[in-house]
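Engineer: need a structure here:
(one chain, ligands or ions: 1)
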Amino acid sequence: MQSNRRTAIQGAAALTLAVTMPLAFGQKKITLGFSQIGAESEWRTANTESVKSAAKEAGIDLKFADAQQKQENQIKAIRSFIAQKVDVIAFSPVVETGFETVLKEAKAAKIPVILTDRAVSTKDDSLYVTFMGSDFLEEGRKAGRWLVEKMKDNKGEVNIVELQGTVGSAPAIDRKKGFEEVIKADPKFKILRSQTGDFTRAKGKEVMQAFLKSDAKKINVLYAHNDDMAIGAIQAIEEAGLKPAKDIIIISIDAVKGAFEAMMQGKLNVSVECSPLLGPQLMKAVKEVVAGKPVPKRIVTEEGIFPMEVAAKEFPKRKY
Ligand code: GZL
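Structural biologist: Numbers count the residues shown, from 1 in each chain. Okay, here's the model as predicted:
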C-alpha cells in the first residue's frame, strides 16, 4: 500500500512537472484544438474549467469550441482545427457514432486525436491516440451494488424509474448496462420506466413529473445517470408532495457540488463519483504525443462513491 501511495504521489508530482514545465528556448508553442460538448451540467462546466486552466498552466495554446450538445457543431469544429493545422485535436464525443469520417480526415492530415471523457464506437482504433475518462460501466455497477445492499432486507418488489443521459452517448449506454447487470440478479428489482433527461436539470424535472403522473405503481427508487437530472427530479418529487430520499430513494452519478448539497439536505441518497478534472492528464498526454512519446490507448480515471452519510465530512475536500 505504502509503495502504491508513493507511486501515486511521484506520479502526481511528475504530472504537475510535465504540465507546468515552461517551453524550452525556441521551442514552438503547442496548439491544441478542443471541441467541448456544451455546458449542459455542473460536470461539464467543471470539465471545461479543468481543460482551460490546465492548458494555461502547461503553456499550450488552446482553441476551444463549445458545440451546444450538437454533433454537427463538433464535426465542424474538428474540420476547422484541421484547416488551422493545429498540433493535436482533443474532444469529448457527444454520442458514440458518426465521427469516423471526420476522424479519418484528421488522420489524413496527420493530426493526432485524443478522446477525453466519452468514447466513440469504432473498429479502427488508429483513428485516435488515446481515450481518457471514466469507466461508465463500473459507475453503473457501483450504483446497482449500492441499491442491492440498501434493499437487501426488502422482501417485496422494488420499483425503479430511470433518467437516462443523452441518447446514444457512451455514459448513458454504459451506466444503464452496468446498473442492469447488477440488479438483474434479483427479480424483486423492476425498472418500471426509463427515459432520457439529456443530462440537464430542466429535462430531468420534466420527465420525473411524467413518471410521477403516469405510474399507478408506487415508485420506490429513482436512478439518474447524472446529478443534474437528479436535482431536477428532486424538485418534481417535492412538488408532488413526496419526500426525496425517503419516499423515493435517489441514486445519481457525478458527485458534483450540487449533489453534496442535496445529500446534506437529506434529499439525495448517494452519488457515484465521475471526475471532470481531466485537464492536467490531457495536457500531459498532448505534450507526450507532440514529443513522439508512447501514450497508453486507455487512461481510466480512478473514482469513488459518496453516500449521504459522508457528504458533510467530504464536502470541504471536493474540487468540483
Ligand atoms: C461523464 C460525462 C457526463 C456527465 C454529465 O463523463 O460525459 O456528461 O455525467 C455530463 O453530467 O453532462
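
Engineer: Now the phi/psi pair for the most centrally placed residue in the chain, please.
Structural biologist: Geometric centre of the chain, nearest residue: C274, 5.4 Å, by C-alpha atoms, centre = their mean. Torsion angles at C274 (phi, psi; degrees, to the nearest 10) stand at phi -140, psi 100.

Engineer: gap between the closest residue to T122 other than its chain neighbours and the ligand?
Structural biologist: Computed as C-beta to C-beta, 6 or more residues apart in numbering, the closest residue to T122 that is not its neighbour in sequence is E100, at 5.7 Å. (Glycine included, C-beta is placed from N, CA and C.) As judged by C-beta to the nearest ligand atom, to the nearest Å, E100 and the ligand stand 20 Å apart.

Engineer: need the contact list for E100.
Structural biologist: Each residue near E100 by C-beta atoms under 8 Å, 6 or more residues apart in numbering is listed here: V120, T122, D124, L127.

Engineer: so how many other residues sit close to the last one?
Structural biologist: With neighbours defined by other C-beta atoms under 10 Å, the count for L127 comes to 17.

Engineer: Please list all residues in contact with it.
Structural biologist: Counting by C-beta under 8 Å, 6+ apart, L127 touches E100, L103, K104, A106, K107, V113, V120.

Engineer: Check the first one too.
Structural biologist: For V120, the residues meeting the contact criterion (C-beta under 8 Å, 6+ apart) are P93, E96, T97, F99, E100, L103, L127, Y128.

Engineer: change it to 6 Å
Structural biologist: P93, E96, F99 (C-beta atoms under 6 Å, 6 or more residues apart in numbering).

Engineer: you'd agree V207 is up against Q195?
Structural biologist: Yes. Using C-beta atoms under 6 Å, V207 is in contact with Q195, at 5.1 Å.

Engineer: Next one: the residue nearest to the centre of the chain from the ligand, what distance?
Structural biologist: Separation of C274 from the ligand (C-beta to the nearest ligand atom): 5 Å.

Engineer: now K297
Structural biologist: Applying C-beta to the nearest ligand atom, the value for K297 to the ligand is 18 Å.

Engineer: same check, this time on L127
Structural biologist: Computed as C-beta to the nearest ligand atom, the L127 to the ligand distance reads 20 Å.

Engineer: I'd like to know how far that residue sits from E72.
Structural biologist: Here L127 is placed at a distance of 19 Å from E72 (C-beta to C-beta, to the nearest Å).

Engineer: likewise S35?
Structural biologist: Counting by C-beta to C-beta, the gap from S35 to E72 is 11 Å.

Engineer: between those two, who's got more neighbours?
Structural biologist: The residue with more neighbours, out of S35 and E72, is S35; 24 against 10, by other C-beta under 10 Å.

Engineer: Which residues does stretch 310-319 contact?
Structural biologist: F260, M263, M264, F306.

Engineer: State the three-state secondary structure for the last one.
Structural biologist: Per DSSP: H, G, I helix; E, B strand; the rest coil, the secondary structure class of F306 is strand.

Engineer: and A143, what helix or strand is that in?
Structural biologist: Here A143 is covered by helix 136-150, with elements defined by DSSP states H and E.

Engineer: List the buried residues in that helix.
Structural biologist: Within helix 136-150, the residues that qualify as buried are 136-148, 150, counting by 16 or more other C-beta atoms under 10 Å.

Engineer: How about stretch 233-248?
Structural biologist: Neighbour-count burial for stretch 233-248, counted by 16+ other C-beta under 10 Å, picks out A233, I234, Q235, A236, I237, A240, P244, A245, I248.

Engineer: Identify, from those, the entry nearest to the ligand.
Structural biologist: Ranked by distance to the ligand (C-beta to the nearest ligand atom), those are led by A233 at 13.9 Å.

Engineer: ok so the closest one is a helix residue?
Structural biologist: Yes. A233: assigned to a helix according to three-state DSSP.

Engineer: and it, what is it in contact with?
Structural biologist: Counting by C-beta under 6 Å, 6+ apart, A233 touches G204, M208, L222.

Engineer: Who wins on neighbours among the contacts of stretch 310-319?
Structural biologist: Highest neighbour count within the contacts of stretch 310-319: M263, with 27 neighbours (other C-beta under 10 Å).
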